[in-house]
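Colleague: Give the three-dimensional model of this entry:
(chains A and B)
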Amino acid sequence: MATILVIDDDPDLLASARRALERAGYDVRTAANGSEALRHFAGDPTDLVVTDILMPDMDGIEFIMRLRATFPETPIIAMSGGGMLPKDTLLAASQVLGAVHTLSKPFAAEQLTACVAHALGKT
Amino acid sequence: MTYHATPLPPECGRVLVVDDEPLNRELLRNALENLRLEVEEAAGGLEALKHIAASPPDVVLLDVAMPAMDGLEVCRRLKGNPDTAALPVIMVTAHVDRGDRLAGIEAGANDYLGKPVDIQDLMLRVRNAIHVKRLHDGLQLALQQVRELERHRDSLTHMVVHDLRSPLTAILTSLQLLTLTEGQPLGGEDLEDVRTAERAAQTMASMIASLLDISRLETGAMPLRRTRCDLATVVRTSVDTLRLLATGRTLSVSSPEEAVAVSADRDILQRVIENLAGNAIRVTPADGTIVFAISRNAAAARVAVTDAGPGIPPEYCDKIFDKFVQVEDRRARLGTGLGLTFCKLAVEAHGGRIGVESEVGRGSTFWFTLPME
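Modeller: Numbers count the residues shown, from 1 in each chain, chains lettered A, B, ... in the order given. This is a model prediction of the structure:
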């Protein structure tokens, strides 16, 4: 069973993403920000990471850079709803940094699971 | 006939006198200094342009006939440069004929002064020019403030849109999962999806309410409907409405035995408490405890909400209630930040104070006070 780490500062988004991915047969862990996710990942590396971009503490851009430095093989999916910068800019930046897919909020369960399946090479 | 021009206050004007004749400059300097104006000099056109670029005065008195670069050319350059176009220029020349006057006006001069200079004439024209310059500067400043405000409002809009998209994703995802159960009775896990969607929808609803309330409180369009109420009762009522959202977390309320009577708008007060409690629930782990403590002294009643969350770095504790700063310092945001701005405005409208004490890693206590009756 593939393992996935989902990172977002919105607990409801985490809960719904966890349910969607668990239903699709994945083993899911969650974190509320980048630094929590890095600690998590160091002790228990997952097969894939889905991360929000704008978060308090350590944001998704910094998290992606740090994760790529230590675990360059782990596929990353970035998701964003925009903010001070348009979400397209944020998502483009995350792709430059090595995110394999991007999800633009709002999205629904199917888009998330399709993206994850594709990133894991299942489609 | 005498002219009664209001003397300008001493700090009120800097005049640059541009003339190639030292005697003419001295004459104008003496006259202007008698009017308590600050005077600077330039002996030629290029020197004048350099001086203005380095330290713009309030008015330029510009001689027309000068060697190298004449006054008309200086004036054209000043008026052609957006940085100096608003600087009032008064042409000064011995030839008060029609041709020179028109050439000066064509070059963009604001006014014209004939030699020999009539002191009253000089005083009135300089005073008027400084007045126009002040009006212009005032408008520029106001425009800058409006632009700044507009920039803040734009970034606020972006952040609100961002913050609405996350719960919307949670709702869409949860609803889509429920459609997969078509034809089957809903099980316990499906109920979890419904609850997630419900919580997310409530988050969105409270963000929208906060946003509207903030603008109403800021414009004074939200009058308080004060009644005498018992603070402990209001807190307990608010906490009870939030128990469903607390899923597993313990909510404990402590209050003095006797009633804590305050004069407040009960609805608004309840929303303040629900906002603080909602944030506390969001940041507290699922098995954690949130404590609501009501206390009083002779002057004020106090409500404190203590969470078991990650805490807030000290540099953000003072700023966290400010709408714009929160937007700028996105990383310090705590849940839906607008709620705290609403709380601050609402508590202050009641004559109370609001604050937070926090230690990173140990949690935060958000408190507010209301004056006793």
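
Colleague: Output the below-cut-off pLDDT ranges for chain A.
Modeller: Counting by pLDDT under 70, chain A has low-confidence residues at A:57, A:83-86, A:122-123.

Colleague: which bits of it sit near chain B?
Modeller: A:8-13, A:15-17, A:19-20, A:23, A:52, A:54-57, A:59, A:79-84, A:87, A:105-110, A:112 (C-beta under 8 Å from any C-beta of the partner chain). Placement of C-beta: from N, CA and C, glycine included.

Colleague: What sits closest to the residue of chain A found nearest chain B if chain neighbours are left out?
Modeller: For chain A, the nearest residue to chain B under the criterion C-beta to the nearest C-beta is residue A:81, separated by 3.0 Å. Taking C-beta to C-beta, 6 or more residues apart in numbering or on different chains as the measure, residue A:81 lies nearest to residue B:165, with 3.0 Å between them; neighbours along the chain are not counted.

Colleague: so where do the helices sit in chain A?
Modeller: If you assign secondary structure with DSSP state H, the helices in chain A sit at A:11-23, A:34-43, A:60-70, A:87-96, A:109-119.

Colleague: pLDDT (mean, whole number) over stretch B:310-317?
Modeller: Over the span of stretch B:310-317, the pLDDT mean works out to 81.

Colleague: ok, back up a step: give the full set of residues in contact with the residue nearest to residue A:81.
Modeller: Remark: with contacts taken as C-beta atoms under 8 Å, 6 or more residues apart in numbering or on different chains, residue B:165 is in contact with A:81, A:82, A:105, A:106.

Colleague: Surely it is in a helix?
Modeller: Yes - secondary structure of residue B:165 (DSSP: H, G, I helix; E, B strand; the rest coil): part of a helix.

Colleague: Quickly list what the residue most central in space within chain A is bridged to.
Modeller: By C-alpha atoms, centre = their mean, chain A has its centre lying nearest to residue A:50, at 1.4 Å. With DSSP bridges as the criterion, the beta-bridge partners of residue A:50 are residue A:6, residue A:77.

Colleague: Now that residue B:167 has come up, it's in contact with residue A:12, right?
Modeller: Yes - counting by C-beta atoms under 8 Å, residue B:167 sits close enough to residue A:12 to count as a contact (5.7 Å).

Colleague: who touches both of the two?
Modeller: Looking at what touches both residue B:167 and residue A:12 (by C-beta under 8 Å, 6+ apart), the common residues are B:200, B:203.

Colleague: Now that we have the contacts of residue B:165, can you turn them into TSV and tack on neighbour count?
Modeller: Formatted as TSV, the entries for the contacts of residue B:165 read as follows, by neighbours: other C-beta atoms under 10 Å in any protein chain shown:
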residue	neighbour count
A:81	26
A:82	21
A:105	24
A:106	19
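
Colleague: What is the nearest of those to residue B:144?
Modeller: Proximity to residue B:144 was ranked across the contacts of residue B:165 by C-beta to C-beta; first place goes to residue A:82, at 27.1 Å.

Colleague: Which residues are in contact with the closest one?
Modeller: By C-beta under 8 Å, 6+ apart, the residues touching residue A:82 are A:90, A:105, B:158, B:161, B:162, B:165.

Colleague: Contacts only, for the residue lying closest to residue B:203 once chain neighbours are set aside.
Modeller: Leaving aside its chain neighbours, residue B:203 sits nearest to residue B:167 (4.6 Å; criterion: C-beta to C-beta, 6+ apart). For residue B:167, the contacting residues are A:10, A:12, A:13, B:200, B:201, B:203, B:204, by C-beta under 8 Å, 6+ apart.

Colleague: helix, strand or coil for the residue found closest to residue B:290 once you drop the neighbours it is linked to in the chain?
Modeller: Of all residues beyond its chain neighbours, the one nearest residue B:290 is residue B:280 (4.6 Å), with distances taken as C-beta to C-beta, 6+ apart. Put simply, residue B:280 is helix when judged by three-state DSSP.

Colleague: Could you count how many residues lie near residue B:280?
Modeller: When counting by other C-beta atoms under 10 Å in any protein chain shown, one arrives at 29 neighbours for residue B:280.

Colleague: close enough to count as contact, it and residue B:303?
Modeller: No - here residue B:280 does not reach residue B:303: they are 12.0 Å apart, not a contact under C-beta under 8 Å.

Colleague: about what we covered before: please list only the buried members of the residues of chain A next to chain B.
Modeller: Buried residues within the residues of chain A next to chain B, counting neighbours by 16 or more other C-beta atoms under 10 Å in any protein chain shown: A:8-13, A:15-17, A:19-20, A:52, A:54-57, A:59, A:79-84, A:87, A:105-109, A:112.

Colleague: who in the stretch 101-250 of chain B is up against chain A?
Modeller: Within reach of chain A by C-beta under 8 Å from any C-beta, the stretch 101-250 of chain B has these residues: B:155, B:158-159, B:161-177, B:180, B:189, B:192-193, B:196-197, B:199-200, B:203.

Colleague: who touches the nearest residue to residue B:266 once chain neighbours are set aside in this structure?
Modeller: Taking C-beta to C-beta, 6+ apart as the measure, residue B:266 lies nearest to residue B:229, with 5.2 Å between them; neighbours along the chain are not counted. With C-beta under 8 Å, 6+ apart as the criterion, the residues that contact residue B:229 are B:261, B:262, B:263, B:264, B:266, B:269.

Colleague: Just the buried ones among these, please.
Modeller: Burial by neighbour count, 16+ other C-beta under 10 Å: within these this picks out B:262, B:264, B:266, B:269.

Colleague: Let's have the contacts of residue B:167 in a markdown table, adding distance to residue A:46.
Modeller: Formatted as a markdown table, the entries for those read as follows, by distance: C-beta to C-beta, whole Å:
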| residue | distance to residue A:46 |
| --- | --- |
| A:10 | 20 |
| A:12 | 21 |
| A:13 | 18 |
| B:200 | 25 |
| B:201 | 30 |
| B:203 | 27 |
| B:204 | 30 |
